[in-house]
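Turn this into a structure:
(one chain, ligands or ions: 1)
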Amino acid sequence: MQAVSLSNQVNTASVAGIAPKIRQLKTFFTSGKTKALVWRIEQLKQIRKMVLEQQDEIFVAMRQDLGRCNMESWTAELGGVISEVDHSLKHLKKWVKPRKVATPIIAQPGKSYILPEPLGTILIIGAWNYPLLLVLSPLISAVSAGNNALIKPSELSANVSKLLAKLIPQYLDNDAFAVVEGAVDETTELLKHQFEHIIYTGGEVVGKIVMRAAAEFLTPVTLELGGKSPCIVDSSTDLEVTAARIVWSKWMNAGQTCVAPDYVLVEKSFAPQLIDAIKNKLTDFYTVDAANSQDYGRIVSERHFLRVISYLDGQDIVHGGKHDITNKYIEPTVVLNPDHDSPLMQQEIFGPILPIVTVTSIDQSISFVNQRAKPLALYIFGKNDELEQQILTSTSAGMVCINDGFMFAANPNLPFGGVGNSGTGAYHGKIGFDNFSHLKTVMKRSFWFDVPLRYPPFTSKKFKLLKKLI
Ligand code: NAD
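Presented below is the predicted three-dimensional model:
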């Protein structure tokens, strides 16, 4: 399947038009309308309606941008949006309620609670690899929490960007939301303004730009970044299922997934069996020639195509390696034992190449992971519970899945986010609601019983008693 882009240019916004748009959104927030539960529920239902009613047009735009088949787009994006909306609609009435907490004796008689309060106008900067999900999923969290938002889709997925700019005003409250299309100039202009929270999904370099700009206004940020996510495979594993799950999570969207396994760590003696099993699954999934498979995607842009291809220089390719710039196709490719200092092992691959790194014993993989930046995701395959616990407790990663690829993303009860260089903050479900809320502390005291203990004049008797209480 070919990634046919009708146009790879987004409709760039007039930079001058950005400031009035932000002012309008902020004024709307101060009206208090977004705080009403009925308004939030209505907007969430409209997001659901938009995705379901417009799914055919969305599928086309995704095919144009990423050469993706409809089923993969549904699994990875549209279905995810629907589940996230449904989860919010099911739990929202409970999430908005004051959360009672215990009150210590020193503050008795009294009661204490946490009152979630909306923050204001949120800036959502999306990424191109899942261009609908990575805009609508943060939007669902933000709206659930009673905020409004300005959305900046990625210019690289131009067709989805254009579609969002057309559909969001059709379905959502026009006074509350705006879509600004564009690239660096528009993002730079947006970052000159004060928002109440910024959520950015993308690479580390721009992540730093966003954080620096936010610091100017002390704006809180959620950074959904990437990194090299390791996949540790122990020889005790179920080979057949492991190979299927690795291939599914690595080559979905032609490897352009932030939580795709970046590389595999496996014992030298077990590597040949694992490589054979992965090759067989690749053929089962995408036939002997993935270029003709309807189910295999394309690289988003020429720049990313050239970046990914350059990682193959001087590598030992044990499977695949064919590529064709005319339709941005890169064959599913497996590389054995790359040089640890090569760009393939230094940069996040974010493409369809899987390096297999062999170790002499599987516990060596722990130090391999710990010598590098904290990854967004870490995968462990095997039936050795002790090893699993050892890896889990001696490494750090944003998210871990044992015996599968990124299935954790399908569970709205789990936070989605990184740690260290792979990101800060998290969203999805209630964690997303909390992320876009101020959890306001409220204590209510009674006038009924006013203990004079804390008031001056201080005496040694008072001090002694106070020490017993605090
Ligand atoms: P990017 O970081 O290059 O660009 C993202 C946005 O930043 C775009 O809107 C662009 O207009 C803007 N931008 C680019 N240069 C800018 C500049 N100099 N000043 C201001 N704005 C600028 O996106 P990318 O690096 O191609 O995205 C891929 C990365 O995103 C990978 O690292 C991947 O792992 C990560 N990612 C993370 C998640 C997640 O949920 N954690 C999801 C998808 C992608």
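
Going by residue numbers, what spans are strands in the stretch 101-250 of the chain?
Using DSSP state E, counting those that start in this stretch, the strands of the stretch 101-250 of the chain run over residues 110-118, 121-125, 148-152, 177-179, 197-201, 221-224, 230-233.

Looking at those strands, spot the one closest to E186.
Nearest to E186 among those is strand 148-152 (6.8 Å), distances taken as Cβ to Cβ. (C-beta placed from N, C-alpha, C; glycine too.)

List the contacts of that closest one.
Residues from elsewhere that reach strand 148-152 (Cβ atoms under 8 Å, 6 or more residues apart in numbering): 21-22, 25, 28-29, 34, 120-126, 135, 139, 142-143, 164, 168, 173, 176-182, 186-187, 190, 195.

give me the subset of these touching the ligand.
Restricting the contacts of strand 148-152 to those adjacent to the ligand (criterion: Cβ under 6 Å from any ligand atom) gives 125, 187.

Export the strands of the stretch 101-250 of the chain to JSON lines and append columns for mean neighbour count and distance to P375.
JSON lines is the format used below for the strands of the stretch 101-250 of the chain (neighbours: other Cβ atoms under 10 Å; distance: least, Cβ to Cβ, whole Å):
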{"stretch": "strand 110-118", "mean neighbour count": "17", "distance to P375": "31"}
{"stretch": "strand 121-125", "mean neighbour count": "27", "distance to P375": "22"}
{"stretch": "strand 148-152", "mean neighbour count": "25", "distance to P375": "26"}
{"stretch": "strand 177-179", "mean neighbour count": "23", "distance to P375": "32"}
{"stretch": "strand 197-201", "mean neighbour count": "26", "distance to P375": "16"}
{"stretch": "strand 221-224", "mean neighbour count": "23", "distance to P375": "14"}
{"stretch": "strand 230-233", "mean neighbour count": "26", "distance to P375": "6"}
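
Save the ones you listed as CSV, and put in mean pLDDT too.
Putting these into CSV (pLDDT from 0 to 100) gives the following:
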stretch, mean pLDDT
strand 110-118, 98
strand 121-125, 98
strand 148-152, 98
strand 177-179, 98
strand 197-201, 98
strand 221-224, 98
strand 230-233, 98
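
now, which of the contacts of strand 148-152 lie within helices?
Judged by DSSP state H, helices contain the following of the contacts of strand 148-152: 21-22, 25, 28-29, 135, 139, 142-143, 164, 168, 186-187, 190.

In the sheet, which residues pair with the residue nearest to A291 when sequence neighbours are not counted? Tell me.
Nearest residue to A291 in three dimensions, chain neighbours excluded: Y329, at 5.5 Å (Cβ to Cβ, 6 or more residues apart in numbering). Applying DSSP bridges to Y329 gives these bridge partners: D324.

roughly how far apart are Y329 and P343?
Distance of Y329 to P343, computed by Cβ to Cβ, to the nearest Å: 21 Å.

So between those two, which is more surrounded?
Between Y329 and P343, counting by other Cβ atoms under 10 Å, Y329 is the more crowded of the two (22 against 14).

Surely the more buried one touches S293?
No - contact between Y329 and S293 fails when scored by Cβ atoms under 8 Å: they sit 10.4 Å apart.

and D313, that's in a strand?
No - going by DSSP: H, G, I helix; E, B strand; the rest coil, the assignment for D313 is coil, not a strand.

Flag the shaky bits of the stretch 1-150 of the chain, pLDDT-wise.
Segments of the stretch 1-150 of the chain classed as low confidence (criterion: pLDDT under 70) are 1-8, 13.

Residue of the protein nearest the ligand, please.
Here the chain gets closest to the ligand at one residue, G226, 1.9 Å apart by Cβ to the nearest ligand atom.

measure that residue to I58 for me?
Distance, G226 to I58, by Cβ to Cβ: 24 Å.

Likewise for N159?
For N159, the distance to I58 equals 10 Å [Cβ to Cβ].

Just want to know which of these two has more residues nearby.
Neighbours per residue (other Cβ under 10 Å) separate N159 from I58, with I58 holding more: 26 against 23.
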